[in-house]
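[1] Compute the structure for the input listed below.
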Amino acid sequence: MKAIHQYDAIILGAGGAGMMCAAIAGQRGKKILLIDHADRPGKKILISGGGRCNFTNLHIAADRYLSNNRHFMKSALSRYTAQDFINLVDNHGIAWHEKTLGQLFCDDSAKQIVAMLLDECDKGDVDISLGYSINDVSHSDGYYRVCYGNREMSSPKLVIATGGPSIPKMGASGFAYELGRKFGLKVIEPRPALVPFTLGGEETLFRSLSGVAADVIASCGKVKFREAALFTHKGLSGPSILQISSYWRHGDKVHINFLPDLERDWLVKAKYHNPSDRLPAIIRSKLPTRLADTLLERLDFDGDIGNIKDKLLNDIAEELSNWEFNPNGTEGYAKAEVTAGGIDTKSLSSQTMEASHMLGLYAIGEAVDVTGWLGGYNFQWAWSSGWAAGQAI
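    Just a heads-up that it's a prediction; the model follows:
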């Protein structure tokens, strides 16, 4: 079957980045084909934010993204901002609210964001083909040929917007990396990010705390986040832990400050205020009871606080504010919200997302080595990188 040359660009992947790119290019008068193997578009959008889609953040900044090239994302983020996307949401009459830390959610449903993007694609007369697996992608004579289902189409421009392998039960895979390598693009080793930790060895006792949460400061190296930590039947989760996981490597230690609002000498002050108080009771008054009891079991201290030396009290306070965990791994791509690593940004133009040595090839969204913090940052990268490529193709 001979491929038909009837599109200005073919976009692979009908997620947030792919739909944004298609809409922008289509509304510029380009003839666009958007292909996805899933039976409906925006599946990750639909499950995000508890079904309400944390679609952006008020505090978007380049230093809240991880990449081997920490400057790469600056151009796209500055040219299509969080406010630009908020304006689009407002224009479609979608009600939203700020939850915490600048995180913006739909009042109603994530379905509204998908419907909005499809409406924008419709305004650009984008052709959308869903439920077709990609059989082959090749390049010759200045055209990219895409074989999907029993069809073949070709175009002078191809956009890789198929994301990363996180949440494979939704059909996610490493297809973007295979395709990138096929066309000579380097791939930074992908790994699960925004993902819970697993605990083993002596730390398995913390699994008994499954369901217990506490406001903490979690740190790994020089990076720290203050939000909730949640104990699970496998280890550690919660916003602060998910944030730290993006920076963690196997063998790294994770430190948790269980009492972020207390000074180092708080136990000494408590001793002189009421020396007859018992140490376990004091610690239980500051933390969830089950958590306090587990920590006390490891500390192995009891008795009246007045009978404990100041130095030892300071040491106990220090341990509670710098508790060391040694994760033996993560829960992997199955539980990872995003994928870190991906197509190397050194291969791409930060202005257009086009490959520097492969004319007409673009990569956007999670497929690229740009990973944002938890809280709407990765969606904003999808919108911004999709917009940048949509302006260029």
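[2] From now on I want contacts and neighbour counts done on CA atoms only, so please keep to that.
    Fine.
[3] Now do the longest helix along the chain: distance to the chain's middle.
    Looking across the chain with DSSP state H, the single longest helix is helix 377-392. Put simply, helix 377-392 sits 15 Å off its chain's centre (Cα atoms, centre = their mean, to the nearest Å).
[4] In this structure, where is pLDDT below threshold?
    1-5 (pLDDT under 70).
[5] contacting residues for the most centrally placed residue in the chain?
    Nearest to the geometric centre of the chain sits Val338, at 4.2 Å (Cα atoms, centre = their mean). Counting by Cα atoms under 8 Å, 6 or more residues apart in numbering, Val338 touches 164, 166, 192-194, 366, 371.
[6] Can you convert these into CSV and add a column each for secondary structure, distance to Val212 and neighbour count?
    Below are these laid out as CSV (DSSP: H, G, I helix; E, B strand; the rest coil; distance: Cα to Cα, whole Å; neighbours: other Cα atoms under 10 Å):
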residue, secondary structure, distance to Val212, neighbour count
Gly164, coil, 31, 28
Ser166, coil, 26, 27
Pro192, strand, 24, 24
Ala193, strand, 22, 28
Leu194, coil, 19, 30
Glu366, helix, 32, 31
Thr371, strand, 28, 25
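[7] What is the nearest of these to Gly390?
    Glu366 (16.0 Å; Cα to Cα).
[8] do you know how far the closest one is from Asn91?
    Relative to Asn91, Glu366 is positioned 26 Å away (Cα to Cα, to the nearest Å).
[9] likewise Ala172?
    For Ala172, the distance to Asn91 - Cα to Cα - is 31 Å.
[10] can you check Gly303 too?
    64 Å.
[11] Packing partners of the longest helix of the chain?
    helix 16-27, strand 54-57, helix 74-79, strand 371-372 (3 or more Cα pairs under 8 Å, 6 or more residues apart in numbering; DSSP states H and E).
[12] repeat that for 7 Å
    helix 16-27, strand 54-57, helix 74-79 (3 or more Cα pairs under 7 Å, 6 or more residues apart in numbering; DSSP states H and E).
[13] okay, the ones you listed, which one's buried deepest?
    helix 16-27 (a mean of 29; mean count of other Cα atoms under 10 Å).
[14] Now do the helix or strand that that helix is followed by: distance to the chain's middle.
    On the C-terminal side of helix 16-27, the nearest following helix or strand under DSSP states H and E is strand 32-36. Computed by Cα atoms, centre = their mean, the chain-centroid distance of strand 32-36 equals 24 Å.
[15] elements contacting strand 32-36?
    Strand 32-36 packs on strand 9-12, helix 16-27, strand 127-130, going by 3+ Cα pairs under 7 Å, 6+ apart.
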